[in-house]
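> Sharing a model prediction with you, sequence too.
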Amino acid sequence: MSSAGRQDFTDKVGAAVKPDSQKSYVEQATDFVKGKLDAAASVAQPEHEKSTTQKIGDAVTGDNKNKNLV
């Protein structure tokens, strides 16, 4: 379950798996904007309100301000 403003983890993975060379400019721009919005929402969301999946996703993508997994 994703919180307001957060990108679903499966969407993040899907965007990361497909190489940019196979994406249209619109897809690349959309991924970029969604990534920036998710990163901003990650910083704004308190750690104690994040699900384990969000914490792991944030740690993997570098969107976590303190890099704690639990």
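It's in.
> list the buried ones in the worst-scoring helix or strand of the chain on mean pLDDT?
Lowest mean confidence among the helices and strands of the chain (mean pLDDT, DSSP states H and E): helix 52-61, at a mean of 81. By neighbour count on 16 or more other Cβ atoms under 10 Å, the buried set for helix 52-61 is 54-55, 57-58, 61. For the C-beta atoms, the positions are set from N, CA and C on the backbone; glycine is no exception.
> measure E47 to K55 for me?
7 Å (Cβ to Cβ, to the nearest Å).
> closest to Q28 among the buried residues of helix 52-61?
T61 (16.8 Å; Cβ to Cβ).
> In this structure, where's the longest helix?
Ranked by residue count and defined by DSSP state H, the top helix of the chain is helix 25-44.
> name the helices or strands packed onto that helix?
On a contact count with 3 or more Cβ pairs under 8 Å, 6 or more residues apart in numbering; DSSP states H and E, helix 25-44 meets helix 9-17, helix 52-61.
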